[in-house]
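Participant: Based on what follows, work out the 3D shape:
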Amino acid sequence: MPGTSSKYNQGDIVILELPFTDLLGSKLRPVLVLNAVGLGEDMIVAKITSHSGLYRVPVTQSDLAAGLLKREPSYIDCSSIFTVEKKLVVKAVGRLTDEALLKVKEQLRIIFNLE
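Facilitator: Residues are numbered from 1 along each chain as shown. This is a model prediction of the structure:
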């Protein structure tokens, strides 16, 4: 049975080694933790990028409850979601405010057509 505890929580921003979509390489990149509880050694994350676009939520320093942005604004790409192993996390670097996390959840509701 998967564990229910995790040192990562929804809203945390972590750095991990994320593979390219063609699987021919990877790079360190920030991601937003969407869920890390009840998934055993896995967690669900959304990519953070410096490029704006459809379904991307802008994030500035004022949207962080903890940590610092390397690039401002950054964008949480709600259309680029991955399940990754927690052991791929290099380090935790920040945490979204509750208000910013609500904006991400709204975009996810739109993408997945959730009521």
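
Participant: only C-alpha atoms for contact and neighbour calcs from this point on.
Facilitator: OK.

Participant: Please, which helix or strand holds Arg29?
Facilitator: strand 26-35 (DSSP states H and E).

Participant: Other residues contacting that strand?
Facilitator: 8-20, 43-49, 76 (Cα atoms under 8 Å, 6 or more residues apart in numbering).

Participant: Go ahead and measure how far stretch 25-33 is from the middle of the chain.
Facilitator: Distance, stretch centre to chain centre, for stretch 25-33: 9 Å (Cα atoms, centre = their mean, to the nearest Å).

Participant: Could I get the average pLDDT for that stretch?
Facilitator: The average of the pLDDT scores along stretch 25-33 is 92.

Participant: do the same with stretch 80-100
Facilitator: 95.

Participant: can I have that stretch written out in PDB, keeping just the CAs?
Facilitator: What follows is stretch 80-100, C-alpha atoms only, in PDB (Å, rounded to 0.1, in the frame of the first residue of the first chain):
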ATOM      1  CA  SER A  80       3.000  19.800 -19.100                       C
ATOM      2  CA  ILE A  81       2.400  17.400 -16.200                       C
ATOM      3  CA  PHE A  82       4.600  14.500 -15.300                       C
ATOM      4  CA  THR A  83       4.700  11.600 -12.800                       C
ATOM      5  CA  VAL A  84       8.300  11.300 -11.500                       C
ATOM      6  CA  GLU A  85      10.100   9.500  -8.800                       C
ATOM      7  CA  LYS A  86      10.700  11.600  -5.700                       C
ATOM      8  CA  LYS A  87      14.400  10.500  -5.700                       C
ATOM      9  CA  LEU A  88      14.900  12.600  -8.900                       C
ATOM     10  CA  VAL A  89      14.500  15.800  -6.800                       C
ATOM     11  CA  VAL A  90      17.800  17.700  -6.500                       C
ATOM     12  CA  LYS A  91      16.500  20.200  -4.000                       C
ATOM     13  CA  ALA A  92      13.400  22.200  -2.800                       C
ATOM     14  CA  VAL A  93      13.600  25.900  -3.700                       C
ATOM     15  CA  GLY A  94      10.300  27.500  -2.800                       C
ATOM     16  CA  ARG A  95       6.600  27.300  -2.200                       C
ATOM     17  CA  LEU A  96       3.600  29.000  -3.800                       C
ATOM     18  CA  THR A  97       1.200  31.100  -1.900                       C
ATOM     19  CA  ASP A  98      -2.300  29.600  -1.400                       C
ATOM     20  CA  GLU A  99      -3.700  32.300  -3.800                       C
ATOM     21  CA  ALA A 100      -1.200  31.400  -6.600                       C
END
